[in-house]
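Q: When you get a sec, could you give me coordinates for this:
(chains A and B)
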Amino acid sequence: MIDDLPLVLGAFWLTIRLTLASALAALVLGTVLAAMRVSPLAVLRGAAAGYVTVLRNTPLTLVIVFCGLGLGLVLDVSFSGSLSVNYLWLSIIGLSAYTAAFVCEAIRAGINTVPVGQAEAARALGLTFGQNLRYIVLPQAFRAVIAPLGSVLIALTKNTTVAAAIGVAEASLTMKTLFERHQEAVVPIFFGFALGFLVLTLPVGLVFGRLARRLAVAR
Amino acid sequence: MTEADSPTSLVKLSQVNKHFGALHVLRDIDLDIARGEVVVVIGPSGGGKSTLCRVINRLETIDSGTITFDGQSLAVEGRALARLRSDVGMVFQQFNLFAHKTILENVTLGPIKVRKVARQKAEQRGMELLERVGIASQAAKYPAQLSGGQQQRVAIARALAMDPKMILFDEPTSALDPEMVQEVLDVMISLAREGMTMLVVTHEMGFARRAANRVVFMSDGQIIEQAAPDDFFTNPGTDRARDFLSKILTH
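A: Sure thing, here's the model as predicted:
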C-alpha cells in the first residue's frame, strides 16, 4: 500500500489545484455578479438574479455532468489535446460557475451591512458608481463576509469530489481506485482520505475566522 | 468674494417639488443662494429641510422644477453629475467617514480618485486641512477611534479637500454630544468668515446669529419666510415661525 502513496498525494494535489483555481474564478465571477445585483441597471440586476437562482438551485452533479458531457463531448469545447486535462478544465468551469452563485450571495449580504451613508458620502464626493463599489462599498462588504466566504471555500473543497463524476482523478476517485486494489483495508483507506480532507479544510476555517476578526471594520 | 465676478447666484431652485410617496416634502421651493452667502435653514422636523439640502447635489431626485448650480442645470446622472457633486461638498449628520480608511485617507480619497491629484500632493494638502481643523495628530487613526466632534471636523476637512464651490451641512451637530458642538461650529464659523458659500440645516441659533447672512424657515415642505438672522429671531413675520421659535427658545 505504501506504493500507492504517490498516487494518493497526486490525487490530493489535484484536489488542491481544483479548489484553488475554482475558488479564484468563483471569487471574481461572484464579485461581478454581486456588483451587477446592486447596479442601477435593471437588466444587469435581473441577469445576475437569474443566474444565481438557476445555479444555486441546481445540483452540482448536474452542473458538472453538463460541463463534462454537454460542453465537452457534445459542444466540443476543448482547452487541451489531453483528455484528462480537458476534463479538469471543464470541471473547474462547472465548480466555479456553481460556487460563484454562493459567493455572490455572501458578498451581497456583505454589501447590505455597509451603512447607506458610506455610499452617499462617496457619491457626494463625486465618485462614480464603479469607484464607489471599488473603493468604498466592496472593501467593507468583503471584510464583513470573510467568515461566510470561508464556509463557501470549505464547501467548494469538498465539492471538488463531484468532478469524479466526469473522471477527474481527484481524491475521491482515487479512494475508489484504492478500495478496488485493497479490499481488505477499505475502512483505514476511508479514514485516511477523510483525514486528508480535514487537513485541507480545517486550516481554511481557522485562517478565515482569524482574518475576519483582524480585518473587521470598527464602526 | 468680490461683487464684480459674482453678479449671479451660485444655486438657484425654482418651483421645486418632491414627494416621498404620498408625502409632499418640497412644495414649490424657490431659493437663490449667492456666492459667498451663508444660508441657515431651520424649522420643525419633517419639514423638508434635509431634503432641500440633499436635492442640491442630487442625493435626492426632484419631481418637478429646476435646479441650477453655477449657471448649469443639474445633470441627471453619470459623469456630469459626479463632476457637479465634486464641486459641492457635503457634511452629514452621521459624519459618514469611510470606516475602513484612515483619517488621512478619508481626506485624500476624493482628490486622488476624482480630481486625479498626485498622492503626495493630496496628502500634503490633506495634512494642512487636518491641521486647520485640529486633527492632524490623529491622521493615521481610523474614524471609530475618534470622538464625534473630531469625526465631524474630519468630515469638513474631507469636503474642503475637494476645493468645493459650496458646502451643504445637513444637521452637522445634531448627532454630537453637547460638549462637542462648539468645536464643530467654530470650524464652520471660520469657513463662513472666509467666504465659503454654505447651506446649513441646523437648530444652532447661536451659529445662525453669528455666521449666517440669511435664515430660511421651512415647515411642511414650504419656505414660510426668510430674513436676516437678527430680524428673524427678534421679530419673526409669521405665526408659524413665532410658534416654532417659542418652542425652541424656551429651553
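Q: From now on I want contacts and neighbour counts done on CA atoms only, so please keep to that.
A: Will do.
Q: Flag every residue of chain A that's near chain B.
A: A:117-118, A:120-121, A:123-128, A:136, A:139-140, A:217-219 (Cα under 8 Å from any Cα of the partner chain).
Q: Only the buried members of those: can you turn that into a PyMOL selection?
A: Listed next is the PyMOL selection for buried residues among these, using 16 or more other Cα atoms under 10 Å in any protein chain shown:
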select buried, chain A and resi 117+118+120+121+123+124+125+126+127+128+136+139+140+217
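Q: check contacts around B:Phe233.
A: B:Leu245 (Cα atoms under 8 Å, 6 or more residues apart in numbering or on different chains).
Q: what's the answer for A:Gly117, then?
A: B:94, B:96.
Q: can you do 10 Å?
A: A:123, B:92-98 (Cα atoms under 10 Å, 6 or more residues apart in numbering or on different chains).
Q: again, but for A:Leu156
A: A:18-20, A:22-23, A:26, A:95-96, A:98-99, A:150, A:201.
Q: Return the member of those residues nearest to chain B.
A: A:Gly150 (20.8 Å; Cα to the nearest Cα).
Q: Quick check: residues of the stretch 1-150 of chain B near chain A?
A: B:54, B:57-59, B:77-101, B:109-111, B:113-115, B:142-145 (Cα under 10 Å from any Cα of the partner chain).
Q: Stretch B:152-167 and chain A in contact?
A: Yes: with Cα under 10 Å from any Cα as the criterion, chain A is reached by stretch B:152-167 at B:155, B:158-159, B:161-162, B:164.
Q: looking at the contacts of A:Leu156, which has the most residues close by?
A: A:Leu95 (29 neighbours; other Cα atoms under 10 Å in any protein chain shown).
Q: And the contacts of A:Leu156, which two are furthest apart?
A: A:Tyr98 and A:Thr201 (19.0 Å; Cα to Cα).
Q: Among the contacts of A:Gly117, which lie within helices?
A: A:Arg123 (DSSP state H).
Q: Point me to the residue sitting farthest from the middle of chain B.
A: B:Gln120 (28.2 Å; Cα atoms, centre = their mean).
Q: check which helix or strand covers that residue.
A: helix B:119-132 (DSSP states H and E).
Q: what sits up against that helix?
A: Contacts for helix B:119-132 (Cα under 10 Å, 6+ apart): B:103-113, B:115-117, B:133-139, B:153-162, B:187.
Q: rewinding a little: narrow the contacts of A:Leu156 to those in strands?
A: Judged by DSSP state E, the contacts of A:Leu156 include no members of strands.
Q: would CSV of those with pLDDT and distance to A:Leu9 be doable?
A: Shown next, in CSV, are the contacts of A:Leu156 (pLDDT from 0 to 100; distance: Cα to Cα, whole Å):
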residue, pLDDT, distance to A:Leu9
A:Leu18, 94, 14
A:Thr19, 95, 15
A:Leu20, 96, 16
A:Ser22, 97, 20
A:Ala23, 97, 21
A:Ala26, 97, 25
A:Leu95, 96, 22
A:Ser96, 97, 23
A:Tyr98, 97, 26
A:Thr99, 97, 25
A:Gly150, 94, 24
A:Thr201, 93, 16
